[in-house]
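# predicted coordinates and the sequence they were generated for:
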Amino acid sequence: MNESRVAALYARVSTTDQSCDAQLDELRRFASRRFASYREYVDTGVSGAQRHRPQLDALLRDARRGMFDAVVVWKFDRLARSLKDLIDILHELNSLHIDFASVTENIDTTTPSGRLLFYIVGAMAEFEHTLIVERVRAGIDHARRLGKRIGRPRVLVDAGPIIQLRSENLSLRKIARKLDIPVSRVRRALARNTRATEQEP
């Protein structure tokens with residue numbers, strides 16, 4: 001047993017007439033042999049298909065705060081609602097240097113063979129990111145070839161108040177704050193006004 005490491009135990013059942021006791025018994029036995037102490041996060045009556053699960057959300061928040069060194073679950077499907085969800089969670093834990101163990105599936109990233117899981121997950125996450133980037137770029141290129149404008153349409157603002165405030169020697173930042181618009185719009189409005197003035201006969 002490591003004398004300082006803390007584990008987070010996560011258990012979940014889908015309906016309120018089910019119990020997490022069996023999961024927790026195994027998780028506690030596992031953690032008591034491997035860790036100095038553990039914290040428990042239990043979602044009862046929460047479907048794995050739900051996007052937000054209160055105790056899992058709390059676990060991930062605490063993980064980001066560095067409150068434990070490992071996450072232990074009874075089985076993968078208690079933690080994630082899909083393969084993508086599992087990859088995302090494991091990828092985040094890995095980036096936070098938090099180990100992961102699934103008791104019934106004999107996965108433990110504190111061991112050399114278990115660490116291989118994180119390498120595979122990292123590669124899959126990177127692969128997925130690359131695919132998404134490629135799809136987005138392909139979509140943008142296709143839209144451009146069709147002559148479509150990419151991005152939000154520009155919003156034109158009334159240059160009158162801007163010109164008036166500028167004549168009072170207010171800075172662009174102060175004008176933007178006063179009119180509650182971005183500085184970039186103030187700058188563009190003044191530039192349009194300058195061009196229009198130069199084109200007057």
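Sure thing, it's come through.
# what average pLDDT does stretch 131-144 get?
Across stretch 131-144, pLDDT averages out at 76.
# same check on stretch 86-99?
Averaged over stretch 86-99, pLDDT sits at 86.
# buried residues in that stretch?
Neighbour-count burial for stretch 86-99 flags 86-87, 89-91, 93-94, 98-99 (criterion: 16 or more other C-beta atoms under 10 Å). Any C-beta I mention is one placed from the backbone N, CA and C, and that applies to glycine too.
# now Val103: phi and psi?
phi -60, psi -50 (degrees, to the nearest 10).
# ok, then the element right after the helix or strand containing Ala101?
Assigned by DSSP states H and E, Ala101 belongs to strand 99-102. Counting by DSSP H and E, the element after strand 99-102 in chain order, helix or strand, is strand 107-108.
# mind giving me the packing neighbours of that following strand?
If you count contacts as 3 or more C-beta pairs under 8 Å, 6 or more residues apart in numbering; DSSP states H and E, strand 107-108 packs onto strand 99-102, helix 112-145.
# as JSON lines, those with distance to Arg195 would be great.
Conversion of those to JSON lines gives the following (distance: least, C-beta to C-beta, whole Å):
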{"stretch": "strand 99-102", "distance to Arg195": "60"}
{"stretch": "helix 112-145", "distance to Arg195": "26"}
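# Glu105 reaches Arg78, doesn't it?
No: between Glu105 and Arg78 there is no contact under C-beta atoms under 8 Å: 10.7 Å.
# who's more crowded, those two?
Set Glu105 next to Arg78 and count neighbours by other C-beta atoms under 10 Å: Arg78 wins out with 20 against 12.
# surely Thr110 is in a strand?
No: under the criterion used here (DSSP: H, G, I helix; E, B strand; the rest coil), Thr110 is coil, not part of a strand.
# verify the stated contact: it with Asp69.
No: look at Thr110 against Asp69 with C-beta under 8 Å: they stay out of range, at 9.2 Å.
# out of these two, which sits in the more crowded spot?
Asp69 (19 against 15).
# wait, what's in contact with the more buried one?
Neighbour list for Asp69: 5-7, 35, 98-99 [criterion: C-beta atoms under 8 Å, 6 or more residues apart in numbering].
# most widely separated two among these?
Within those, Phe35 and Ile98 form the most distant pair, 12.4 Å apart (C-beta to C-beta).
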